[in-house]
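# Kindly generate the corresponding structure for this input.
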Amino acid sequence: MTPGDRFYEWLLSDHPEAAADRDAPENLRELAATARWLLTRQAERQAADAAEPEAERLARMRRDFENSRRAQGASSYRYPARYLGARAARQPIPPDPDRLAAGEEPS
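Numbers count the residues shown, from 1 in each chain. Predicted structure coming up:
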């Protein structure tokens, strides 16, 4: 679930602040403007991803993930070699955290 989806899900909740946000027309206009901005950014990213060769895109995304983990304090994190090449097919698929958070059973 995207952050935008999570926010929208909350906005539809019974939370008192969500109800206040739903009732305020200016907030809805701001939400719509934010949603348009997010969708535009997503479309731009998807277009850029589609133009980039798969191998280069994956290498960049793996580097970005390494940098993110390091920024979170895992200073020696390296993308696992077990997920590269033919070895990757032998690895078990980890549970999807969004499904676990939604209370679904791991498959």
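
# from the middle of its chain, how far away would whichever helix or strand residue 47 is part of be?
Of the helices and strands defined by DSSP states H and E, residue 47 is found in helix 25-51. Here helix 25-51 is found 14 Å from its chain centre; the criterion is Cα atoms, centre = their mean, to the nearest Å.

# Now do the buried residues in that helix.
Within helix 25-51, the residues that qualify as buried by neighbour count (16 or more other Cβ atoms under 10 Å) are residue 31. In this view, the C-beta of every residue, glycine as well, is placed from N, C-alpha and C.

# Packing partners of that helix?
Helix 25-51 sits against helix 3-11, helix 16-23, with contacts defined as 3 or more Cβ pairs under 8 Å, 6 or more residues apart in numbering; DSSP states H and E.

# Identify all contacting residues around stretch 47-56.
57, 60 (Cβ atoms under 8 Å, 6 or more residues apart in numbering).

# go with 6 Å
Contacts of stretch 47-56 with the rest of the structure, by Cβ atoms under 6 Å, 6 or more residues apart in numbering, involve residue 57.

# now the helices and strands packed on helix 25-51 in a markdown table, with mean neighbour count, mean pLDDT and distance to residue 101?
What follows is those, written out as a markdown table (neighbours: other Cβ atoms under 10 Å; pLDDT from 0 to 100; distance: least, Cβ to Cβ, whole Å):
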| stretch | mean neighbour count | mean pLDDT | distance to residue 101 |
| --- | --- | --- | --- |
| helix 3-11 | 13 | 78 | 10 |
| helix 16-23 | 12 | 76 | 19 |
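
# Can I get the ones you listed in JSON lines including distance to residue 93?
Formatted as JSON lines, the helices and strands packed on helix 25-51 follow (distance: least, Cβ to Cβ, whole Å):
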{"stretch": "helix 3-11", "distance to residue 93": "23"}
{"stretch": "helix 16-23", "distance to residue 93": "34"}
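
# For residue 75, find the nearest of the ones you listed.
helix 3-11 (26.2 Å; Cβ to Cβ).

# Quick one: residues contacting residue 104.
Here residue 104 is in contact with no residues (criterion: Cβ under 6 Å, 6+ apart).
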